[in-house]
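Enquirer: Prediction below, plus the sequence it came from.
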Amino acid sequence: MAYIKFGTDGWRGVIAEEFSFANVQKVALATARYFARHKNAKNGVVIGYDARFLSKEFAHESARVIASAGVKVLLADKIAATQMVSLGVVKKKAAGGVVITASHNPAKYNGFKIKGDFGGPAHPEMIAEVEKELEPLELKAFDELVAAKAVQFVDLTRLYVADLQTKIEFDLIKATRIKILHDAMHGAGMGIPELLLPKMGSIRSDYNPSFGTTNPEPLPQNTEELSVEVRAGKYHMGFATDGDADRIGAVDEKGNFVDSHRIFAILLKYLVERKHLRGAVAKSLSVSEIVPKMCDEFNIRLHETPVGFKHLCRLMTERDIIIAGEESGGIAVKGHIPERDGIFIGFLLAEVMAVRRKKLSELVKELFDQFGEHHFGRIDRHLTPAQKEKVMKFFGGRPKKVGPFEIVKTDATDGVKLFTKNGWMLVRASGTEPLIRFYAEADSPKKVQQMLKAATSIG
């Protein structure tokens with residue numbers, strides 16, 4: 001039981017160690033007991049799963065447990081992206097949802113995400129209630145539950161595709177002949193974009209539970225193949241989605257990586273200036289300082305949260321938020337669901353290009369011309385407990401200087417964020433893996449690398 005602990009985005013663990021069938025049964029039962037008290041309990045719980053090793057089996061076992069506990073299950077009939085489950089919860093008016101996925105984490109991990117009835121990550125107090133319910137139950141046979149219709153299969157792909165067709169200007173994208181390449185990274189997004197735009201290209205869109213040679217996280221070092229293929233195929237843009245397809249990274253027509261900070265900023269500008277959306281903006285503290293500058297320019301209120309999309313989701317369900325995003329590629333937009341959606345965001349980015357009649361590289365340059373250059377970098381380090389303690393003790397002591405960089409302000413909202421002249425560094429322990437993440441932003445790529453080098457030299 002000590003292994004079962006929910007982090008920033010669900011419970012995750014190494015398959016066959018802490019993430020075992022026995023532990024999945026315990027968490028699924030706790031989830032069932034929680035949702036059994038929900039006002040929409042009669043409509044059941046939606047369950048989906050990604051393309052990881054044993055994800056389907058873990059999902060079916062979760063369905064068996066939840067249905068055995070007396071809560072109807074709407075089970076995805078095939079691999080489904082996280083946002084497809086969240087949308088299914090909303091469309092089916094379900095009590096909530098479950099996704100078997102470890103998102104962008106390495107292949108040895110799997111996880112159990114819980115979704116609220118609003119179609120986004122469960123709020124922390126909801127998770128706390130689930131954790132209180134970790135007790136055993138006598139289970140029924142899966143086939144018996146299917147026969148009794150306590151477990152019912154549902155096509156979340158068709159539901160999702162139909163929804164996106166009403167929210168993205170696909171006719172305009174087709175008319176402007178924007179050539180798009182999708183990198184599924186062997187994740188749950190494989191094959192989905194092509195259903196929406198049949199002539200687009202795709203790579204790493206086959207089933208491979210080990211994810212080939214890279215982690216399914218859309219970072220520069222993991223999207224080199226996408227960059228090469230975009231240039232070789234003369235695509236106008238490419239986008240990659242992670243293991244459960246809720247995060248995004250992109251490359252422009254030259255093969256240059258366009259991170260989530262720039263995507264966030266491009267979409268914010270479009271939604272305010274062209275779509276004329278009104279409301280506030282929300283970001284995690286690890287997102288670029290270009291966002292506050294834009295909010296000042298547009299006279300829009302900005303909310304900043306600790307890392308973890310659950311905090312942004314809460315704001316989207318409680319306030320009028322135009323766009324919310326985190327550094328790791330998760331972005332949500334008003335009018336969709338309060339959930340990260342890498343496929344939706346990828347197509348919305350293409351819509352911006354079509355409406356603005358600009359290349360992706362031109363949209364990035366336009367941002368820099370208006371708000372100044374903002375470059376970002378991140379290094380993840382696996383450290384021993386002693387090294388980890390030394391690093392966090394140093395930064396927790398609010399140092400006045402890190403390497404050659406003078407610190408002008410410190411924020412300890414989540415980890416330790418140190419502001420320098422025209423930049424910042426952030427050091428925080430991962431909520432899903434045994435490592436420390438080092439982040440940096442500055443007005444030049446060279447300075448970003450210097451800041452990261454200074455930060456990672458501690459310990």
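Expert: Yep, it's here. Numbering: from 1, shown residues only.

Enquirer: Now for the chain, the helix or strand with the poorest mean pLDDT.
Expert: Here the helix or strand of the chain ranked lowest by mean pLDDT, DSSP states H and E is helix 385-396, holding a mean of 88.

Enquirer: chain center to that helix: distance?
Expert: 28 Å (C-alpha atoms, centre = their mean, to the nearest Å).

Enquirer: Touching whichever helix or strand comes after it from outside, list them.
Expert: Sequence-wise, the next helix or strand downstream of helix 385-396 (DSSP states H and E) is strand 401-402. Strand 401-402 has contacts (C-beta atoms under 8 Å, 6 or more residues apart in numbering) with 407, 418, 425, 451, 454-455, 458. All C-beta atoms are positioned from the backbone trio N, CA, C, and that covers glycine.

Enquirer: and the least confident of the residues you listed?
Expert: Lowest pLDDT of the contacts of strand 401-402: Ile458, 85.

Enquirer: Next, count neighbours for that residue.
Expert: 17 (other C-beta atoms under 10 Å).

Enquirer: That one: what secondary structure?
Expert: Of the three states, Ile458 takes coil according to DSSP: H, G, I helix; E, B strand; the rest coil.

Enquirer: separation between it and Phe394?
Expert: 5 Å (C-beta to C-beta, to the nearest Å).

Enquirer: Check Asn40 too.
Expert: Taken as C-beta to C-beta, the span from Asn40 to Phe394 is 49 Å.

Enquirer: Likewise for Val151?
Expert: Taking C-beta to C-beta, one finds Val151 at 52 Å from Phe394.

Enquirer: got it, and Pro209?
Expert: Distance of Pro209 to Phe394, given as C-beta to C-beta: 39 Å.

Enquirer: What are the boundaries of the strands in the stretch 251-400 of the chain?
Expert: Remark: strands assigned in the stretch 251-400 of the chain by DSSP state E, counting those that start in this stretch are 257-258, 280-284, 302-305, 321-325, 331-333, 375-381.

Enquirer: Export these to CSV and append columns for mean neighbour count and mean pLDDT.
Expert: Supplementary listing: the strands of the stretch 251-400 of the chain in CSV, determined by neighbours: other C-beta atoms under 10 Å; pLDDT from 0 to 100:
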stretch, mean neighbour count, mean pLDDT
strand 257-258, 21, 98
strand 280-284, 23, 98
strand 302-305, 17, 97
strand 321-325, 26, 98
strand 331-333, 26, 98
strand 375-381, 17, 94
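
Enquirer: With respect to Val230, which of those strands lies nearest?
Expert: strand 257-258 (10.5 Å; C-beta to C-beta).

Enquirer: so how far is that closest one off the chain centroid?
Expert: Centroid separation between strand 257-258 and its chain, computed with C-alpha atoms, centre = their mean, is 17 Å.

Enquirer: Name the residues that touch that strand?
Expert: 220, 223, 227, 249-252, 360, 364.

Enquirer: Let me have those residues in a markdown table, adding distance to Lys446 as columns.
Expert: A markdown table is the format used below for the contacts of strand 257-258 (distance: C-beta to C-beta, whole Å):
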| residue | distance to Lys446 |
| --- | --- |
| Pro220 | 16 |
| Thr223 | 22 |
| Ser227 | 21 |
| Gly249 | 22 |
| Ala250 | 23 |
| Val251 | 21 |
| Asp252 | 21 |
| Leu360 | 23 |
| Val364 | 18 |
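
Enquirer: Looking at those residues, which is nearest Gly13?
Expert: The closest of the contacts of strand 257-258 to Gly13 turns out to be Gly249 (C-beta to C-beta; 25.4 Å).

Enquirer: Surely Ile343 touches Ala80?
Expert: No - using C-beta atoms under 8 Å, Ile343 is not in contact with Ala80, being 11.7 Å away.

Enquirer: Please say which of those two ends up with more neighbours.
Expert: Ala80 (33 against 26).

Enquirer: How about that one: what's its closest non-neighbour residue?
Expert: Gly48 (3.6 Å; C-beta to C-beta, 6 or more residues apart in numbering).

Enquirer: so the one you found, which of the three states?
Expert: strand.

Enquirer: For the stretch 1-150 of the chain, which segments count as helices?
Expert: 21-35, 55-68, 82-91, 124-131, 142-147 (DSSP state H, counting those that start in this stretch).

Enquirer: Can I get those helices in JSON lines including distance to Leu181?
Expert: Shown next, in JSON lines, are the helices of the stretch 1-150 of the chain (distance: least, C-beta to C-beta, whole Å):
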{"stretch": "helix 21-35", "distance to Leu181": "36"}
{"stretch": "helix 55-68", "distance to Leu181": "26"}
{"stretch": "helix 82-91", "distance to Leu181": "20"}
{"stretch": "helix 124-131", "distance to Leu181": "37"}
{"stretch": "helix 142-147", "distance to Leu181": "39"}
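
Enquirer: got those as a markdown table, with mean neighbour count columns?
Expert: Conversion of the helices of the stretch 1-150 of the chain to a markdown table gives the following (neighbours: other C-beta atoms under 10 Å):
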| stretch | mean neighbour count |
| --- | --- |
| helix 21-35 | 21 |
| helix 55-68 | 23 |
| helix 82-91 | 28 |
| helix 124-131 | 16 |
| helix 142-147 | 15 |
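
Enquirer: low-confidence ranges in the stretch 1-150 of the chain?
Expert: Along the stretch 1-150 of the chain, segments meeting pLDDT under 70 span 1-3.

Enquirer: same deal with the stretch 151-300 of the chain?
Expert: Using pLDDT under 70, nothing in the stretch 151-300 of the chain is flagged.

Enquirer: so where do the helices sit in it?
Expert: According to DSSP H, counting those that start in this stretch, the helices that the stretch 151-300 of the chain contains are 156-164, 170-175, 192-196, 224-232, 260-273, 290-298.

Enquirer: Okay, buried residues for the fifth one please.
Expert: Translated: helix 260-273. Buried residues in helix 260-273, counted by 16 or more other C-beta atoms under 10 Å: 260-272.

Enquirer: from what I can see Leu435 touches Thr384, true?
Expert: No - between Leu435 and Thr384 there is no contact under C-beta under 8 Å: 11.1 Å.

Enquirer: In terms of neighbours, single out the busier of these two.
Expert: Using other C-beta under 10 Å as the criterion, Leu435 and Thr384 rank with Leu435 on top: 14 against 10.

Enquirer: The stretch 101-250 of the chain: strands as residue ranges?
Expert: Ranges of strands within the stretch 101-250 of the chain are 109-115, 151-154, 180-183, 201-203, 237-241, 248-251, based on DSSP E, counting those that start in this stretch.

Enquirer: among the ones you listed, which is nearest Gly308?
Expert: Smallest distance to Gly308 across the strands of the stretch 101-250 of the chain (C-beta to C-beta): 12.1 Å, for strand 109-115.

Enquirer: Contacts for the closest one next, please.
Expert: With C-beta under 8 Å, 6+ apart, strand 109-115 has contacts from 9-15, 19, 24, 27-28, 31, 46, 52-55, 58, 62, 82, 85-86, 89, 96-103, 105, 121-122, 126-127, 130, 339, 432-433.

Enquirer: Pick out whichever of Val151 and Phe394 has more residues nearby.
Expert: Applying other C-beta under 10 Å to Val151 and Phe394 shows that Val151 carries more neighbours, namely 24 against 16.
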